[in-house]
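Colleague: Here is the input, now give the coordinates:
(2 chains)
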Amino acid sequence: AQKITQTQPGMFVQEKEAVTLDCTYDTSDQSYGLFWYKQPSSGEMIFLIYQGSYDEQNATEGRYSLNFQKARKSANLVISASQLGDSAMYFCAMREGRGSGNTGKLIFGQGTTLQVKP
Amino acid sequence: NAGVTQTPKFRILKIGQSMTLQCTQDMNHNYMYWYRQDPGMGLKLIYYSVGAGITDKGEVPNGYNVSRSTTEDFPLRLELAAPSQTSVYFCASSGTTVAFYGYTFGSGTRLTVV
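Modeller: So this is what the prediction gives:
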């Protein structure tokens, strides 16, 4: 069965430092996509970054990068130069498959709460 | 602004009551989804639709029903509300299969069943 695991319920980081949020996944599909979403205390879901299973380069979006290790089935989110506004819950998610039969369903991990200290 | 609109934002229901959570998107997305998020947890898929007239069950469909008569609308119906349905409900949509780079989420509906 497909599964996403985030083993860190909560994390602290000092402002301006980098932090890594862990995510491992399990799938038998060869084609899949991995996502990270941010959920601040206001509750909305904000898309951060995407990595396709066939992408050779690690995805980057501004201060966010995704450390994709396919053999280990891990897709860790790295946030550089943390800011107070980064305090939020972060979810890793996986979409399986591509093409006309794809339903686009996402499976979400349990989330990691990140607190940035001034 | 273009996006996914959910109504209501908050609702309190009594046990046994019914209600419909509304979801509308104006991006002409074929794919729409309903998720629920229990406190401190991730999102779980209730129902989804790959186009008008087509719906299918997700991971936790019991106690819910959906319909998709138009591309824009994807309402979620709760019949005989139970305390276990207390949750935050998110509607989301996505474009073509080629560009599955993330959902557009609605702002959520916080439902309490007492």
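
Colleague: show me where pLDDT drops low in the chain?
Modeller: Assuming you mean chain A. By pLDDT under 70, the low-scoring segments of chain A are A:97-101.

Colleague: not quite, I wanted chain B
Modeller: B:1, B:96-101.

Colleague: what's around residue 16, how many residues?
Modeller: Assuming you mean chain A. Per other C-beta atoms under 10 Å in any protein chain shown, the neighbour tally for residue A:16 reads 11. Where you see a C-beta, it was placed from the backbone N, CA and C, and this is true even at glycine.

Colleague: try chain B instead
Modeller: 10.

Colleague: Shouldn't it be within a helix?
Modeller: No: per DSSP: H, G, I helix; E, B strand; the rest coil, residue B:16 lies outside any helix segment and is coil.

Colleague: Pretty sure it sits against residue B:80.
Modeller: Yes: if you go by C-beta atoms under 8 Å, residue B:16 and residue B:80 touch, sitting 5.6 Å apart.

Colleague: Mind jotting down where the strands sit in the chain?
Modeller: No chain was given, so I picked chain A. A:3-5, A:10-14, A:19-21, A:24-26, A:32-39, A:46-52, A:60-61, A:64-69, A:74-79, A:88-96, A:106-108, A:112-117 (DSSP state E).

Colleague: I was thinking of chain B, sorry if that wasn't clear
Modeller: B:4-7, B:10-13, B:19-25, B:31-37, B:43-51, B:54-57, B:64-66, B:76-78, B:87-94, B:104-105, B:109-113.

Colleague: contacts for the shortest one?
Modeller: So the one you mean is strand B:104-105. The contact list for strand B:104-105 (C-beta atoms under 8 Å, 6 or more residues apart in numbering or on different chains) reads A:44, A:45, B:3, B:4, B:25, B:27, B:29, B:90, B:91, B:92, B:93, B:94.

Colleague: who does it pair up with?
Modeller: strand B:87-94 (antiparallel) (DSSP bridges).

Colleague: Can you tell me what sits against the partner strand?
Modeller: Counting by C-beta under 8 Å, 6+ apart, residues outside strand B:87-94 touching it are A:43, A:45, A:104, B:4, B:6, B:21, B:23, B:25, B:27, B:29-38, B:43, B:46, B:74, B:76, B:100, B:102-106, B:108-111.

Colleague: State the distance from the nearest residue to residue B:46 once chain neighbours are set aside to residue B:93.
Modeller: Counting by C-beta to C-beta, 6 or more residues apart in numbering or on different chains, residue B:46 lies nearest to residue B:34, which is 4.4 Å off, once chain neighbours are set aside. Relative to residue B:93, residue B:34 is positioned 11 Å away (C-beta to C-beta, to the nearest Å).
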